[in-house]
Structures are given as C-alpha cells and as structure tokens.
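> Fold the following.
(one chain, ligands or ions: 2)
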Amino acid sequence: MSAPVILAIESSCDETGVAVVIGGRRIRANAVASQVALHAATGGIVPEVAARQQLRWMVPTLRAALEEAQVDWGDLDAVAVTYGPGLIGSLLVGVNMAKALAVAHDLPLVGVNHIEGHIYANWLTDAPAAEPLSGEPPFPLLCLVVSGGHTQLVLMHDHGSYLLLGQTVDDAAGEAFDKVGRLLGLPYPGGPAISAAASGARAATRFPRARTTGLYDFSFSGLKTAVLREVAGYRERDEPIPVDGLAAAFEEAVVDALVTKTAAAAAEHGVAAVAIGGGVAANSALRAALHERLGATPLLIPRPEWCTDNGAMIGAAAAFRYAAGDRADPSLEAIPNLALSWSTA
Ligand code: KG4
Ligand code: ZN
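Ligands and ions are numbered 1, 2, ... in the order given. Just a heads-up that it's a prediction; the model follows:
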C-alpha cells in the first residue's frame, strides 16, 4: 500500500491547525492560525472566545493548507481530526468541518486523540521529498507529554499501545508556566515568556521539589504557591522583584522534576529511546537537561513548531490508525475529557 495522504485538522484549544501529511511522516503543508495575541490581552484563554476564533479561522486555514500542499481532493486518502481532549466549543468546530469534508468528498474519517498527536509529532520529519526517510522512533519508547493541559509519562511497546507510568496530581507543567508567568507579571503564554526571562539569569532562590506518592507522578501546584510567597515577600519588604531570577528558579525546579523522573523511568524500563511532546517540550532548558541526563539513551525531539498544537501531529497519529483500519463513525462526537486507552502491561 502506498503511503496514505491525510488531511488533518486540529482545533482542540486556541490554535487552528490544518495539515496535509504523507505516510504519517512527510509534511506537505502545516498551516496554523494562532490566537495567542488575542488571549494575551485577557491573560489567558476564554473558551467562548477560543471557539469563536476557531470558527473564524477554520476555513482560511484549510484553504492555506490545501494551497500550500498543492493537492486535489482526489489525491487524499482520509480526513483526520482531533476529537478530544480539549475545549468543547473549539473541538466542535474541527470535528464538524472534518465530518463535512469526509462526507462531501467521500473520504474515510479518522478520529485522533490530541495527546496521541503530541506523541506522534516524533514521527514527523523535514527530510526533503527526494531524500529517503530516517528510521522511525524505536519501541519500547518512553514519551514525556508536557502541555498546557497534561503532564504524563507514557510507555509505548507498539503503535497505539500506551502504558501510563505517571502523571501530574494537580497542575499540568504548561499550566504552571502560565500561572507563574502571570504571577511574575510576564505576558501570556507564560511558557515562552518565562523561558526568555530565565535564559542567562541566575536562579534567585532554590524552590523545594515536590514529593509524590506515585513514583512517576508530578506535582506543580506547591511550586506555584512557593513562587507566590516569594513574590509577596519582596512586595512586603518593598524590594524590587527579581523577575528573571525567579523565572530561572521556577524553570529549574520544573525541569528538574520532569528530567529526574523521565531519566529514572527510562532506566527502569530499559527503553530504546525517549520522546517528548506538547508545548512545554519546546522549552530549551528542558531539551538541554534531558540530553545531558539521559546519557546513552537516544532522545527524540520534535521541532518546536511540532510541539505546540498543530495539524501535522494529528496527521502523523492518523496514519498508523488509518493503516490499522481504524475508521470513525460519521456520528463522531467531540469528547472534552477523552483519555488515551491505557494498556495494562
Ligand atoms: O501543547 P500546547 O500547544 O497546547 C496544549 O495542548 O495545552 O501547549 C501549550 C503550553 C502552554 O502552557 C505554554 O505556556 C507552554 O505550552 N509552552 C512552553 C513553551 N512554549 C509553549 N512552556 C515552556 N517553555 C516554552 N518554550
Ligand atoms: Zn496540545
């Protein structure tokens, strides 16, 4: 069978993504319309606004992707879409569009879990069309998924097989970045802003590392409270807040927690490689620390624009589902709290 050409739609949160992906690996187009500037004005995402923007940008983004990919409807093998987890109003826009396109062009529909998309960003390549593909990520593969809504350590023994080793017991890593960014008076989203403030700065303090009951679980809400207390202390003493130094100390604590547990899980399970995904995986301190601490275990790192929400990662995950004969029913619904289906061994 030749490599399937998949039109993939992502609209789970505040990015509208439409991509054309061949064989789950080569990107023909990956158009993304971001609402970041709009949400910066409110210091965070207002779901109602995000949904309206999805509606506003879906068709222009689809047009841009088709134009860039230079494909006709007859060249496509399937339409794929994120159907959860995410914001219901945002998800509905993409799911509805995908269903309409699949019906109108008589194409199969493939439903993709957003987290699975973040993981499969590791299958994407930017090798030019004429060049042979590099090897695929090897199994067993340990995946650290760190986004605005999720922080999970997932062990994969095969395509579509996910063993949950641990996850956050409170805030997601990206959520902590965003909340602490706001505390420090930095612009939304906090992740890139904290990363920029922290780069080159010396940590102003050492924040305590959280203890969790589960070996590979994470906790970030205590850290957020520690930053809040520290900031309050400076205010009480009427001293200037060392924003860069606190950003550096916070980033160091988050990166330390993520890297320590990922390295321990990689060693315990003897994995062939470690992969990362989700918006926080774009963080350069995290990337550097993982490289250093994983030693001989290969580390797969998607390009930063494939870590934040985009359609190409959905096309990558859809390809293996398509090959496995996985087809969504035309009545596919958006599921805001959709979980990956966890394996037990
Ligand atoms: O995966 P994503 O685009 O959307 C979700 O599925 O949530 O992740 C967004 C999150 C935000 O919390 C944002 O602050 C964070 O990723 N993020 C970063 C960086 N770039 C984005 N966090 C740390 N460092 C970055 N460079
Ligand atoms: Zn995401």
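> All the helices of the stretch 51-200 of the chain, in order from the start?
Counting by DSSP state H, counting those that start in this stretch, one finds helices in the stretch 51-200 of the chain at the ranges 88-104, 114-120, 173-183, 190-198.
> partners of Leu164 in the sheet?
Beta bridges link Leu164 to Val154 when assigned by DSSP bridges.
> what about it, distance to Gly89?
With distances taken as CB to CB, to the nearest Å, Leu164 is found 28 Å from Gly89. For the C-beta atoms, the positions are set from N, CA and C on the backbone; glycine is no exception.
> Looking at those two, which one has more neighbours?
The neighbour comparison of Leu164 against Gly89 (other CB atoms under 10 Å) goes to Gly89, with 18 against 15.
> My guess is the more buried one contacts Val46. True?
No. Proximity of Gly89 to Val46 does not meet the contact threshold set by CB atoms under 8 Å, at 10.4 Å.
> now the strands for this protein?
Counting by DSSP state E, the chain has strands at residues 5-10, 15-22, 26-34, 78-84, 109-113, 141-146, 151-158, 161-167, 273-277, 299-300.
> Turn those strands into JSON lines, including mean pLDDT and distance to ligand 2.
What follows is the strands of the chain, written out as JSON lines (pLDDT from 0 to 100; distance: least, CB to the ion, whole Å):
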{"stretch": "strand 5-10", "mean pLDDT": "98", "distance to ligand 2": "8"}
{"stretch": "strand 15-22", "mean pLDDT": "98", "distance to ligand 2": "8"}
{"stretch": "strand 26-34", "mean pLDDT": "96", "distance to ligand 2": "12"}
{"stretch": "strand 78-84", "mean pLDDT": "98", "distance to ligand 2": "9"}
{"stretch": "strand 109-113", "mean pLDDT": "98", "distance to ligand 2": "11"}
{"stretch": "strand 141-146", "mean pLDDT": "98", "distance to ligand 2": "9"}
{"stretch": "strand 151-158", "mean pLDDT": "98", "distance to ligand 2": "12"}
{"stretch": "strand 161-167", "mean pLDDT": "97", "distance to ligand 2": "15"}
{"stretch": "strand 273-277", "mean pLDDT": "98", "distance to ligand 2": "8"}
{"stretch": "strand 299-300", "mean pLDDT": "97", "distance to ligand 2": "17"}
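> Any regions of the protein where pLDDT drops low?
1, 345 (pLDDT under 70).
> Phi and psi next, for the residue most central in space within it.
The residue lying closest to the centre of the chain (CA atoms, centre = their mean) is Gly278, at 2.1 Å. The phi/psi pair for Gly278 (degrees, to the nearest 10) reads phi 100, psi 160.
> ok, and the closest non-adjacent residue to it?
Using CB to CB, 6 or more residues apart in numbering and skipping the chain neighbours, the partner closest in space to Gly278 is Ser147 (3.3 Å).
> and the one you found, how far is that from Val21?
20 Å.
> Tell me which of these two has more neighbours.
Comparing Ser147 with Val21 by neighbour count (other CB under 10 Å), the higher total belongs to Val21, at 31 against 24.
> I'm done for today, thanks for sticking with me.
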